[in-house]
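> Would you be able to build a 3D model of this:
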Amino acid sequence: MEAMTDERATTGEHATFETLGLRPELLKALSALGYEEPTPIQQEAIPPLSEGRDLLGQAATGTGKTAAFSLPVLQRLEAHRRGKPPVALVLVPTRELAVQVSEALHRYGRDLGARVLPVYGGAPIVRQLRSLESGVDVVVATPGRALDLVNRGALDLGDIATVVLDEADEMLDMGFAEDLEAILDETPEQHQTVLFSATMPRRLDALARRHLSDPVRITIAREKASAGEPPRVRQTAYVVPRGAKPAALGRILDVEAPTAAIVFCRTREEVDTLTDTLNGRGYRAEPLHGGMSQEQRDKVMGRLRSGTADLLVATDVAARGLDIEQLTHVVNYDVPSAPESYVHRIGRVGRAGREGVAITLAEPREHRMLKTIEKVAGSPIAVEKVPTVADLRARRLDLTRGALRESLLTDDLDRFRVVVESLADEFDLMEVALAAVKLAHEAGNGVDDDEEIPQVTFRQDSGGRPDTRGGSRDGGRDAGRAPRRSSGPAGRLFVGLGREAGIRPGDLVGAITGETGLTGRDVGSIEIHQRFALVEVPEAAVDEVIQALKATMIKGRKATIRRDRS
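Numbers count the residues shown, from 1 in each chain. The predicted structure is shown next:
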């Protein structure tokens with residue numbers, strides 16, 4: 001393939017959909033939908049795609065790329081076409097994204113009679129086979145189901161004029177590389193190929209070089225804020241000991257009061273546990289992970305979109321492709337191990353001119369990981385202190401004040417006048433108002449949180465090369481961390497939490513190594529009983545560990561910590 005050429009960047013010139021040369025049917029649909037002017041990626045991508053050029057676009061979620069490739073596909077489509085095999089194929093990583101893209105294509109192409117079919121796993125294949133037999137113009141598919149239909153002879157790619165790979169990096173991460181190659185091999189030699197991705201890893205660039213011919217290459221960064229204007233996505237990190245994360249997250253969410261939020265976790269078990277914790281705190285949280293059936297996933301998404309739920313606790317894989325209109329906050333319960341995952345996650349908020357918030361809970365040892373993410377994301381992450389009990393109470397008072405002010409401005413309060421007038425004969429009006437505010441505040445905010453969460457900071461490196469065993473190769477040690485203990489006599493600690501509280505050995509090791517200078521190798525045998533646990537640590541470190549664990553929480557709970565007397 002020839003080298004990629006025609007490198008483009010946004011020009012900033014004013015454009016309208018009319019100046020992009022779109023056909024009247026599309027302009028009418030866009031006007032009805034309230035679209036006023038193209039986004040930068042639409043402005044750059046629509047003209048070359050309408051001409052039939054191949055295109056390689058790097059753009060974050062929320063920049064308008066669905067319309068950027070959908071409108072040119074429809075621009076080139078014969079109106080009220082009667083042929084049965086599709087002329088365009090859009091490949092996406094997840095069922096949810098397939099539905100979203102197909103809905104967009106259907107809305108834009110309604111006046112053209114465009115027949116759009118989403119195909120994906122987890123849905124009855126018979127219905128999809130029937131639709132393909134009747135004839136379609138555009139197929140929007142997940143790679144696995146598309147290849148299945150090709151192998152069955154049901155999806156004929158012989159007339160394909162355009163192939164779009166949307167969220168291509170996600171498809172590679174999900175293991176679809178071989179499926180993509182097999183599908184592309186079934187398409188005609190002469191066709192238009194369009195590839196969009198939020199990141200551009202080396203293997204994706206190799207895929208593009210094999211299948212794109214002399215493409216236009218477009219890179220669209222997220223729109224930057226004007227000088228003096230705050231960014232649309234406020235990125236914040238809180239340094240939190242591992243054991244205090246559940247309580248810290250609840251405190252942060254109480255202060256932030258999101259309209260809707262996704263909390264990303266690493267494992268299914270963590271998703272389920274954290275969902276229970278948040279529901280216990282009064283949130284309407286729903287889990288989403290790979291262990292759930294498609295029907296369960298659909299019900300969860302329905303509750304989130306309808307406003308019945310306001311928090312989604314999910315793994316990365318389960319949440320891929322989700323587009324939630326009212327989403328205001330994205331939370332990384334753990335620092336993502338891959339910076340690209342962070343970029344994908346925060347791309348879900350701050351869209352279409354709305355403000356969004358990205359929050360990361362980082363452990364004291366994760367300073368370097370956060371710095372790497374900052375470099376890849378191209379924007380700073382502000383490190384803030386976990387809200388204190390006083391901060392939380394002040395925020396709750398602000399919410400009560402706001403609710404009362406809104407009621408005073410908008411509600412009809414005359415029917416309550418008799419209550420106030422009767423009480424005014426016995427009490428001062430200020431006292432009546434104070435009692436009413438107290439009742440409203442307690443009804444709206446529940447019980448105050450009295451537990452302070454330990455305030456910790458990042459552990460800075462001393463300058464030597466890091467040693468995975470806890471020290472540094474030049475013989476120094478991490479600043480603020482005690483020297484590593486040599487092997488010697490061990491002391492045994494009593495921890496007043498056990499199996500009944502869901503405690504596992506990893507929770508105890510994580511709490512100890514996260515709050516002291518000990519490493520995992522320094523922690524000895526661990527016995528977990530129904531209501532307590534016994535942990536061996538170096539005798540010289542017993543007092544340090546006791547003090548550190550008394551100041552933190554294990555799995556969101558305070559525990560009695562003392563030297564074992566048995």
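
> Counting neighbours, what do you get for the nearest residue to residue 532 once chain neighbours are set aside?
Nearest residue to residue 532, sequence neighbours excluded (C-beta to C-beta, 6 or more residues apart in numbering): residue 498, at 4.9 Å. (Glycine included, C-beta is placed from N, CA and C.) By other C-beta atoms under 10 Å, the residues close to residue 498 number 17.

> Looking at residue 498 now. What's its pLDDT?
Residue 498 carries a pLDDT score of 86 in this model.

> now do residue 475
33.

> on that earlier part again, and the residue nearest to residue 532, how far is that from residue 303?
Separation of residue 498 from residue 303 (C-beta to C-beta, to the nearest Å) stands at 34 Å.

> where does the residue nearest to residue 532 fall, phi/psi-wise?
For residue 498, the backbone dihedrals (degrees, to the nearest 10) come out as phi -140, psi -150.

> Tell me how far the residue lying farthest from the centre of the chain lies from residue 359.
No residue in the chain sits farther from the centre than residue 425, which is 55.5 Å out by C-alpha atoms, centre = their mean. Residue 425 sits 50 Å away from residue 359, going by C-beta to C-beta.

> ok, now residue 389?
From residue 389 to residue 359 the distance is 19 Å (C-beta to C-beta).

> got it, and residue 196?
Relative to residue 359, and taking C-beta to C-beta, residue 196 is found at 27 Å.

> Surely the residue nearest to residue 532 is in contact with residue 529?
Yes - counting by C-beta atoms under 8 Å, residue 498 touches residue 529, with 4.9 Å between them.

> related to what we said a few turns ago, show me which of residue 389 and residue 359 is the more surrounded one.
Taking neighbours as other C-beta under 10 Å, residue 389 and residue 359 compare with residue 359 leading, 24 against 14.

> need the strands for the stretch 1-150 of the chain, in chain order.
5-8, 55-59, 88-91, 116-119, 138-141 (DSSP state E, counting those that start in this stretch).

> what's the closest of these to residue 489?
strand 55-59 (58.1 Å; C-beta to C-beta).

> Restrict that closest one to CA atoms and write it as PDB.
This file holds the C-alpha atoms of strand 55-59, laid out as PDB (Å, rounded to 0.1, in the frame of the first residue of the first chain):
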ATOM      1  CA  LEU A  55      -9.800   7.500   5.500                       C
ATOM      2  CA  LEU A  56      -7.900   6.900   8.700                       C
ATOM      3  CA  GLY A  57      -9.400   9.000  11.500                       C
ATOM      4  CA  GLN A  58      -8.100   9.300  15.100                       C
ATOM      5  CA  ALA A  59     -10.800  10.900  17.200                       C
END
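
> What helices and strands are in contact with it?
helix 40-50, helix 65-75, strand 192-197, strand 216-220 (3 or more C-beta pairs under 8 Å, 6 or more residues apart in numbering; DSSP states H and E).

> What strands flank that strand, and is each parallel or antiparallel?
strand 192-197 (parallel), strand 216-220 (parallel) (DSSP bridges).

> so of the ones you listed, which one's packed in deepest?
Among those, strand 192-197 has the highest mean neighbour count (mean count of other C-beta atoms under 10 Å), at a mean of 24.

> Tell me how far that strand lies from the chain's centre.
In terms of C-alpha atoms, centre = their mean, to the nearest Å, the centre of strand 192-197 is found 24 Å from the chain centre.

> outside of the following helix or strand past it, which residues touch it?
Following strand 192-197 in sequence order, the next helix or strand is helix 202-211 (DSSP states H and E). For helix 202-211, contacts defined as C-beta atoms under 8 Å, 6 or more residues apart in numbering pick out 1, 4, 56, 168-169, 172, 177, 180-181, 184, 193, 195, 197, 215.

> do stretch 55-64 as well
4, 38-42, 45, 48-49, 65, 68, 194-200, 208, 212, 215-222, 323, 343-344, 347-352.

> and the protein, what are its domains?
Using automatic domain parsing, the domain parsing of the chain gives 5-220, 233-388, 390-445, 490-563.

> ok, and the closest non-adjacent residue to residue 397?
Closest to residue 397 by C-beta to C-beta, 6+ apart is residue 441, at 6.9 Å.

> need the contact list for that neighbour.
Shown in contact with residue 441 (C-beta under 8 Å, 6+ apart): 396, 397, 400.
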